[in-house]
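J.: Give me a 3D structure for the following:
(one chain, ligands or ions: 2)
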Amino acid sequence: MNITELSKVMKECGVVGAGGAGFPSYAKLNEKADTIILNCAECEPLLKLHRQVMAEYAKEILDAMHEVALAVGAKDIIVAIKPNYKQAIAAIEEVLPDYSDVNARIGLLPPVYPSGDEVITIYEVTGRVVPAGKLPIEVGCIVYNVETMLNIYYAIKENRPVTHKYCTITGAVKNPVTLKLPLGMTVKEVIALAGGATIDEYEIVAGGPMTGRLCAETDVVTKTSNAYIVLPPSQFVVQKKKANTQVAVNRAMSACCHCGMCTALCSRHMLGYPIDPTKFMNALSAGATGNIEPYVNTFFCSACGLCEMYSCFQNLNAQTLISVFKGGMRKGGVAMPQVEMGPVDPIRSQKLVSHARLTARLGLTQYNKPAPLVDVEVKPKTIKIMLSQHIGAPAQAVVSRGDKLTAGQVVGAAAADKLGVNIHTPFAGVVQDVNDKFVKVTI
Ligand code: SF4
Ligand code: SF4
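T.: Numbers count the residues shown, from 1 in each chain. Ligands and ions are numbered 1, 2, ... in the order given. Have a look, this model is predicted:
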């Protein structure tokens, strides 16, 4: 397949980043790439889907990487993975010799957070630093995660659309588990599949404890869901995600001692990015407006959460405030500044935050249990398929109430001239309701 053919099938089959913001995967294809990186870092505590999917489908995933490399003309294929994912590594090593026409190798990542931030992943396995405000292609790299690559495989080989999402269901549940879930099923049904909550009162984090958000039981699985974590309402992670912005500002004004720890451990600052949470907190808490740099440089924050969830011994909310500020600038039309990169911190390797220490700091060690990948068919009675599951323009509904659908049929079509992908139904059924936000289907 050439780039045009590959791009077309990926868009039609609805492939987006399986996790994170859901960037449409076809839009990353670029003939300037010399390296394709598979991101199998899975650096958020408690998440256990990628390593298991990798161990199960190494051949399919490597086949897809190879196809992508051939299409864009890349010569290097790197599987970025942590050394402790032994089963996944064994599965990769078995199939790696099949791709001798390219330079295929494993790139070991340190067991730290956030090694799965693609900027960090690229640095760890190639030594290249993506300039602030630029995309990985600027340094010749295309990065996809494990499940995205598996979805690319199905799109290329079987023209099979994305209709399901692997998720780890863990925390205070009876049987932590990793399942392949149909798009559109409710979080309540998902939690029941793990045997239900083991506590009466709880909150649910959708996604990892660092970058995820609190969700409702009525929310539904989308292409970017990757975990549901049940936690007590008083748990540290839950409390952090409930931070009130005004209270956070007041606390910063009264308690930030300008110690600098949040900047010292900032994952992007250590790579030479101009984001500086200490300067931002100083400026904000002092009401300083003479120098706008600490404010506008919040554009270069990756929202990894380290400054807020790990680094600050005063338990302040730097990342929450940075995110609010960054969102306000975007809304107000403030342009991202052109900046010079600084050097990579010479003692960066000694300051990286270990996965185990982070898990302990978040109070999650007791929940860090196996969540085995179980192959069962999950079929709810109704599903609510969201039309916006990715960055870019939402898909437009192309079905009407009462329509009979076949499994895999397009229910939302991507606009031809806008960034976006098609959205499909996982099951045959009848359209019960449709509007510009979702399509509800009775199975
Ligand atoms: S969330 Fe904090 S630590 Fe992470 S990149 Fe942003 S400022 Fe740095
Ligand atoms: S780590 Fe906390 S106390 Fe120290 S500068 Fe950052 S926000 Fe302030």
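J.: Give me the nearest residue to the residue in the stretch 101-250 of the chain that ligand 2 sits nearest to, chain neighbours excluded.
T.: Nearest residue of the stretch 101-250 of the chain to ligand 2, counting by CB to the nearest ligand atom: Ala248, 10.3 Å away. Heads up, the C-betas are built off the backbone N, CA and C, glycines and all. Nearest residue to Ala248, sequence neighbours excluded (CB to CB, 6 or more residues apart in numbering): Asn317, at 3.9 Å.
J.: Spit out the contact partners of that neighbour.
T.: 240, 243, 248, 251-252, 308 (CB atoms under 8 Å, 6 or more residues apart in numbering).
J.: Touching, the residue of the stretch 101-250 of the chain closest to ligand 2 and Thr320? I think so.
T.: Yes: when contacts are counted by CB atoms under 8 Å, Ala248 is listed as touching Thr320 (5.5 Å).
J.: Return every residue with contacts to both of these two.
T.: Joint contacts of Ala248 and Thr320 (CB under 8 Å, 6+ apart) do not exist.
J.: Only alpha carbons, please: show the helix or strand harbouring Thr170 as PDB.
T.: For Thr170, the host element (DSSP states H and E) is strand 164-171. Below are the C-alpha coordinates for strand 164-171, written out as PDB (Å, rounded to 0.1, in the frame of the first residue of the first chain):
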ATOM      1  CA  HIS A 164     -14.100  -2.200  20.300                       C
ATOM      2  CA  LYS A 165     -11.600  -0.900  22.900                       C
ATOM      3  CA  TYR A 166      -9.300  -2.800  25.300                       C
ATOM      4  CA  CYS A 167      -9.700  -1.500  28.800                       C
ATOM      5  CA  THR A 168      -8.300  -2.400  32.200                       C
ATOM      6  CA  ILE A 169     -10.900  -2.400  34.900                       C
ATOM      7  CA  THR A 170      -9.300  -2.200  38.300                       C
ATOM      8  CA  GLY A 171      -9.100  -0.500  41.700                       C
END
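J.: what lines up beside that strand in the sheet?
T.: Here strand 164-171 has these sheet partners by DSSP bridges: strand 177-182 (antiparallel), strand 227-231 (parallel).
J.: quick one: stretch 268-278 to chain centroid distance?
T.: How far stretch 268-278 lies from its chain's middle: 21 Å, per CA atoms, centre = their mean, to the nearest Å.
J.: and the stretch 151-300 of the chain, which of its residues are near ligand 2?
T.: By CB under 6 Å from any ligand atom, the residues of the stretch 151-300 of the chain that approach ligand 2 are 256-262, 277-278, 281.
J.: filter the residues you listed down to the ones close to ligand 1.
T.: Answer for these near ligand 1 (CB under 6 Å from any ligand atom): Pro277.
J.: looking at the residues of the stretch 151-300 of the chain next to ligand 2, which has the most residues close by?
T.: Pro277 (30 neighbours; other CB atoms under 10 Å).
J.: Pull the contacting residues for that residue.
T.: So Pro277 contacts 262-263, 266, 269, 301, 307, 318-319, 322 (CB under 8 Å, 6+ apart).
J.: how about a cut-off of 7 Å?
T.: Contact partners of Pro277, counting by CB atoms under 7 Å, 6 or more residues apart in numbering, are 262-263, 266, 307, 318, 322.
J.: nearest spatial neighbour of the closest residue to ligand 1 within the stretch 51-200 of the chain, skipping sequence neighbours?
T.: Residue nearest to ligand 1 within the stretch 51-200 of the chain: Pro114 (7.5 Å; CB to the nearest ligand atom). Nearest residue to Pro114 in three dimensions, chain neighbours excluded: Cys304, at 4.4 Å (CB to CB, 6+ apart).
J.: and if you look at Gly19?
T.: That would be Asn226: by CB to CB, 6+ apart, it lies 4.5 Å from Gly19.
J.: For ligand 1, see how far away the one you found is.
T.: Using CB to the nearest ligand atom, to the nearest Å, we find Asn226 at a distance of 19 Å from ligand 1.
J.: Give the phi and psi angles for that residue, as a check.
T.: Asn226 adopts backbone torsions of phi -140, psi -10, taken as degrees, to the nearest 10.
J.: is it true that it touches Leu47?
T.: Yes: Asn226 is within contact range of Leu47, at 6.4 Å (criterion: CB atoms under 7 Å).
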